[in-house]
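[1] what's the 3D shape of this:
(one chain, ligands or ions: 3)
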Amino acid sequence: MATRCSTSPSRANGPEKLPSSSIRVLRTVSNLRRWRRQHLLDQRSVALVPTMGALHEGHLSLIRAAARENHHVVVSIYVNPAQFGVNEDLSSYPRTWDTDTAALVKLDRELADDGHNLGRISAVFAPSTDEMYPAGFPGQEPASKGSFVTITPVGELLEGKSRPTFFRGVATVCMKLFNIVQPERVYFGQKDVQQTVVIRRLVRDFMLPIEVVVGPTTRAADGLALSSRNVYLGDRRRAVAPVLYNALRAAEEVYKGGARDRETVLGAAQRFVKDALAEQMLLVPGKRVLFEIDYISLADPETMEELEVVDPAKGGILSGALKMLVLEALDAEDRGDNGGPGVRLIDNIILQPAE
Ligand SMILES: Nc1ncnc2c1ncn2[C@@H]1O[C@H](COP(=O)(O)OP(=O)(O)OP(=O)(O)O)[C@@H](O)[C@H]1O
Ligand SMILES: CC(C)(CO)[C@@H](O)C(=O)[O-]
Ligand code: BAL
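    Ligands and ions are numbered 1, 2, ... in the order given. Modelled structure (predicted):
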């Protein structure tokens, strides 16, 4: 009779871990589930921080928040093709596994040294697309057939209008991640504010027993929201990139000054952008930075529907998207763009209730 004493090489070598750390690398749903089952039994809380890698201080701030409040933090690193449109930057999206994992190991040491945390980083979930889409990847086209989660109408507005398959891809992959990891809490950044609204709706409408925690936007010293795509700006566009945040701040100032109507509040942001673009147009092509505003919005914080007037008891969300166009480069200038298309940046400011 055949015996079952042979061990697979990975078992013989123990579970895969990040070097010099106790952080497990889990690549399959079954391994993640096996790991999770132990912590269900010992009643330890598990948090999930979903990312697409190219980690920066914004991601790390979410992991810090998760470690403060949970026994175990799982960080997922997965560039989900379903949320990229066919002409978007899937192929040029930064993939930086070695620096990402080094950052996680360093952060985990800091978490261990700081006595204020309930937990640490326990695992990185880094699945393949075959693993995440077991019936086969359905494709990136709007008409693709497959098993999708759609959250409408919020997922069709703003970012969803510009990127018609984006929130379908995000909601679908997050539903998968939530079902695999079964976290008590999930951590998302306010930088992607509409995504947080979509995720809250998903959790509520599908009765998922999960708390959604939203962490503040981490910014560079000049106000630019940190974003994995910033690496493709290059120096010239990077210098101009805070224009969106500054425009939103101009609108916020007007709101803080007592204005409540759309025209006055958004007018301030639109004027700021127009002036900034006019300033660039005074420069010669090899020096200027051109950008296109996709939208600037004043919306309801729960539905993301456009507001004519802000109800001061509820506040609102100012948000915008801007595309930094490909530069007309000077000889020997590093455009910094990795040959990809223009760089699309988003940002937002929450208008706090005023009464
Ligand atoms: N500056 C930031 N501050 C706080 N959270 C952030 C920041 N940037 C991203 N996040 C959050 O990190 C999580 C993972 O985001 P993601 O991996 O897409 O990074 P990203 O910087 O947003 O990349 P991209 O350039 O693709 O928008 C999301 O919840 C996102 O909102
Ligand atoms: C939530 C997410 C990891 C889903 O792929 C992605 O949309 C992101 O990084 O914000
Ligand atoms: N943070 C948003 C991920 C994306 O733009 O695809």
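
[2] what parts of this structure come near ligand 1?
    Taking C-beta under 6 Å from any ligand atom, the part of the chain that reaches ligand 1 is made up of 51-52, 58-59, 61-62, 188-189, 191-192, 215, 217-218, 225-229. The C-beta positions use only the backbone N, C-alpha and C, and glycine is treated the same way.

[3] out of those, which are buried?
    Neighbour-count burial (16 or more other C-beta atoms under 10 Å) is assigned, among the residues of the chain next to ligand 1, to 51-52, 58-59, 61-62, 188-189, 191-192, 215, 217-218, 225-229.

[4] please narrow the residues of the chain next to ligand 1 to those residing in strands.
    With strands taken from DSSP state E, the overlap with the residues of the chain next to ligand 1 comprises 51, 188-189, 215.

[5] same list, these, but only the ones touching ligand 2.
    With the criterion set as C-beta under 6 Å from any ligand atom, the members of those near ligand 2 are residue 51.

[6] quick check, nearest of the ones in strands among the residues of the chain next to ligand 1 to residue 179?
    Ranked by distance to residue 179 (C-beta to C-beta), these are led by residue 188 at 17.0 Å.

[7] for the closest one, list each beta-bridge partner.
    Residue 188 has these beta-bridge partners by DSSP bridges: residue 214.

[8] not counting its neighbours along the chain, what's nearest the residue in the stretch 201-350 of the chain that ligand 2 sits nearest to?
    Closest contact between the stretch 201-350 of the chain and ligand 2, by C-beta to the nearest ligand atom, is at residue 228 (8.0 Å). Leaving aside its sequence neighbours, residue 228 sits nearest to residue 54 (C-beta to C-beta, 6 or more residues apart in numbering; 3.6 Å).

[9] name the nearest of the ones in strands among the residues of the chain next to ligand 1 relative to ligand 2.
    residue 51 (5.2 Å).

[10] residue contacts, the closest one?
    59, 75-78 (C-beta atoms under 8 Å, 6 or more residues apart in numbering).

[11] would you mind measuring from the residue of the stretch 201-350 of the chain closest to ligand 2 to residue 246?
    22 Å (C-beta to C-beta, to the nearest Å).

[12] I'd like the contacts of residue 51 written out as JSON lines, with pLDDT added.
    JSON lines is the format used below for those (pLDDT from 0 to 100):
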{"residue": "59", "pLDDT": "98"}
{"residue": "75", "pLDDT": "99"}
{"residue": "76", "pLDDT": "99"}
{"residue": "77", "pLDDT": "98"}
{"residue": "78", "pLDDT": "98"}
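
[13] can you tell me which of those residues end up in strands?
    Members of the contacts of residue 51 lying in strands (criterion: DSSP E): 75-77.

[14] scan these and report the most crowded one.
    Within these, most neighbours by other C-beta atoms under 10 Å means residue 75, with 28 neighbours.

[15] ok, that residue touching residue 122?
    No. Checked against C-beta atoms under 8 Å, the pair residue 75 and residue 122 is beyond contact range at 9.3 Å.

[16] what helix or strand is residue 64 located in?
    Using DSSP states H and E, residue 64 sits within helix 57-69.

[17] can you check which helix is longest in the protein?
    helix 262-281 (DSSP state H).

[18] now the angle from the helix or strand following that helix to helix 262-281?
    Downstream of helix 262-281, the next assigned helix or strand under DSSP H and E is strand 291-299. Put simply, strand 291-299 runs at 170 degrees to helix 262-281, going by axes from the mean of the first three to the mean of the last three C-alpha atoms, to 10 degrees.
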